[in-house]
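> Model the structure of this input:
(one chain, ligands or ions: 2)
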Amino acid sequence: MQDGKLYFVTGGAGFIGSCFVIDTLAQNTGNVLNLDKLTYSGNPHNLDSLGPEAKARYNFVHGDIGDAALVSRYLNQCQPDAVVNFAAETHVDRSIADPSAFIRANVAALGVFLETVLNWWRTLAPEKAAAFHFLHVSTDEVFGALGPDDPSFTEQTPYAPNSPYAASKAAGDHLVRAFHHTYGLPVLITNCSNNYGPRQFPEKLIPLAILNALAGRAIPVYGSGGNIRDWLHVQDHCSAVHLALQKGSSGQSYNIGGKSEKTNLEVVRNICLLLDEMRPDAGGSYQRLITMVKDRPGHDFRYSINCAKIERELGWRPEHTFAEGLRETVLWYLNNESWLASVQTGEYRRWIAAHYS
Ligand code: NAD
Ligand code: DAU
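Ligands and ions are numbered 1, 2, ... in the order given. Prediction:
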């Protein structure tokens, strides 16, 4: 794509943001500025695969989206065509342990960020201002939980967030929407389901299960293991975000889902079977390590996304099946054990010890 645009990405050192940065620099001629606070889940090594040509079009800024002076300086300097906001606190269990960190990052800092972008956007010439997009990456968790036979979430499903994380993301979405309605800021919101793929921080189910299996540790499954998630490959997510930026209508939200609903027990069993094949263990199948543990408080039973709108209006389709995507993902972790070792810092070990003890 010869777009030559400047993308102001936030949270681009995290799991999904780094995939978006890598794909953007690979697929078009644009430039990326990545503003990231480098919290425990932000990792500059997630961008190590950028080659010299891509690196020449990439800049990293260490900072907080809530730092108005810093953000304003870089907006004025680089005059972006789009802001793509991935920055957030993202782990549901951590939000249960410490909700205020989520309110600070996902609501308060986002509010400051929106105001800073708005103030800069108002200085633009009319043509540039009209072409600009503020794309906010959100989650299906804002819609609450579904029963086994309920219809999937659509863009019209009322918000009913259940965890402090989901509530903070819902509040953020409302702020984004309000900045469009009140001030005319051209915004897009995407609400996607559970992502999986390379470089996901191993506090989330899939990388945690792989890492624990490889270390011979228990693979913890909450409650009955019957909770259902709708798994979306991270590259399919990023291609949807790109399409929304290219063709989305200002003020609209788009649901993005993988059409791969699985129970948690199915997911961890599949991971064990793949590991049995790729890295057989003398002690027998990795399934012996699956351990049912105390349930997550307020654990949402099922998420399921109806993505008919983005398919119909923007022509998006997920390209990965869960079976192929999970196989590739397991293989990536097997081939990147040094990455896995490098993210298990003191902070990671502290969280695991506190949460699973
Ligand atoms: P992640 O935790 O891997 O990465 C988050 C990134 O944001 C990190 O690099 C972190 O350093 C950065 N960050 C946090 N607070 C910041 C701040 N105040 N200023 C600047 N940078 C900050 O998360 P992820 O899984 O990549 O999620 C990215 C986005 O996608 C989030 O908004 C999340 O809510 C949303 N989302 C994630 C999933 C999923 O399954 N992972 C699904 C739906 C939506
Ligand atoms: O649906 C989108 C959301 O998906 C994103 O908005 C969040 O940022 C992302 O973290 C994810 O939230 P979940 O809570 O669904 O993801 P997690 O990987 O933490 O858990 C997936 C399922 O697995 C969930 O039902 C809880 C369960 N689980 C999780 C962990 C960490 C376990 O059974 N054991 C575990 O140890």
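
> Double-check residue 140 against residue 255; I have them as touching.
Yes - assessed by C-beta atoms under 8 Å, residue 140 is found in contact with residue 255 at 7.1 Å. For every residue, glycine as well, the C-beta is placed using N, CA and C.

> shared neighbours of the two, which are they?
153, 191, 192, 305 (C-beta atoms under 8 Å, 6 or more residues apart in numbering).

> Could I get those residues in TSV, plus columns for distance to residue 319, neighbour count and pLDDT?
Putting the shared contacts of residue 140 and residue 255 into TSV (distance: C-beta to C-beta, whole Å; neighbours: other C-beta atoms under 10 Å; pLDDT from 0 to 100) gives the following:
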residue	distance to residue 319	neighbour count	pLDDT
153	22	24	98
191	20	25	99
192	15	25	98
305	16	24	98
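
> Looking at those residues, which is nearest residue 68?
Taking C-beta to C-beta as the measure, residue 68 lies nearest residue 191 of the shared contacts of residue 140 and residue 255, at 26.8 Å.

> any idea which helix or strand carries the closest one?
According to DSSP states H and E, residue 191 maps onto strand 187-192.

> Would you mind pulling up the elements that that strand packs against?
strand 133-139, helix 164-183, helix 234-247, strand 253-256 (3 or more C-beta pairs under 8 Å, 6 or more residues apart in numbering; DSSP states H and E).

> would TSV of those with mean pLDDT and mean neighbour count be doable?
Shown next, in TSV, are the helices and strands packed on strand 187-192 (pLDDT from 0 to 100; neighbours: other C-beta atoms under 10 Å):
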stretch	mean pLDDT	mean neighbour count
strand 133-139	99	23
helix 164-183	99	20
helix 234-247	98	21
strand 253-256	98	25
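
> Switch the ones you listed over to CSV; also include distance to ligand 1.
Formatted as CSV, the helices and strands packed on strand 187-192 follow (distance: least, C-beta to the nearest ligand atom, whole Å):
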stretch, distance to ligand 1
strand 133-139, 4
helix 164-183, 6
helix 234-247, 8
strand 253-256, 9
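
> So which of the ones you listed is nearest ligand 2?
strand 133-139 (3.1 Å; C-beta to the nearest ligand atom).

> before we move on, the earlier item: compare the helices and strands packed on strand 187-192 and report which one is nearest to residue 66.
Residue 66 lies closest, by C-beta to C-beta, to one member of those: helix 164-183, at 12.2 Å.

> Just flag the most distant two among the shared contacts of residue 140 and residue 255.
Taking C-beta to C-beta, no two of the shared contacts of residue 140 and residue 255 sit farther apart than 153 and 192, at 10.7 Å.

> Overlap of the contact sets of those two?
With C-beta under 8 Å, 6+ apart as the test, residue 153 and residue 192 both reach 140, 255, 305.

> which ones are touching the first one?
Meaning residue 140. Here residue 140 is in contact with 153, 191, 192, 193, 230, 255, 257, 303, 305 (criterion: C-beta under 8 Å, 6+ apart).

> Okay, and the beta partners of the first one?
So that's residue 153. Beta bridges link residue 153 to residue 305, judged by DSSP bridges.

> Next, count neighbours for the nearest residue to residue 322 once chain neighbours are set aside.
Nearest residue to residue 322 in three dimensions, chain neighbours excluded: residue 260, at 3.8 Å (C-beta to C-beta, 6 or more residues apart in numbering). By the measure other C-beta atoms under 10 Å, the count of residues near residue 260 is 21.

> got a list of what residue 260 touches?
230, 231, 232, 321, 322.

> Present the shared contacts of residue 153 and residue 192 as CSV; the columns should include distance to residue 313.
CSV is the format used below for the shared contacts of residue 153 and residue 192 (distance: C-beta to C-beta, whole Å):
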residue, distance to residue 313
140, 18
255, 11
305, 15
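
> Touching the lowest-mean-pLDDT helix or strand in the chain from outside, list them.
Least confident helix or strand, the chain: helix 337-343 with a mean of 89, by mean pLDDT, DSSP states H and E. Residues from elsewhere that reach helix 337-343 (C-beta under 8 Å, 6+ apart): 43, 45, 199, 201, 202, 207, 211, 214, 333.

> In a markdown table, list those along with neighbour count.
Output for these, formatted as a markdown table (neighbours: other C-beta atoms under 10 Å):
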| residue | neighbour count |
| --- | --- |
| 43 | 21 |
| 45 | 13 |
| 199 | 26 |
| 201 | 19 |
| 202 | 20 |
| 207 | 24 |
| 211 | 21 |
| 214 | 16 |
| 333 | 23 |
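
> helix/strand/coil for the residue of the stretch 201-350 of the chain found nearest ligand 1?
Closest contact between the stretch 201-350 of the chain and ligand 1, by C-beta to the nearest ligand atom, is at residue 201 (5.1 Å). Under DSSP: H, G, I helix; E, B strand; the rest coil, the three-state class of residue 201 is coil.
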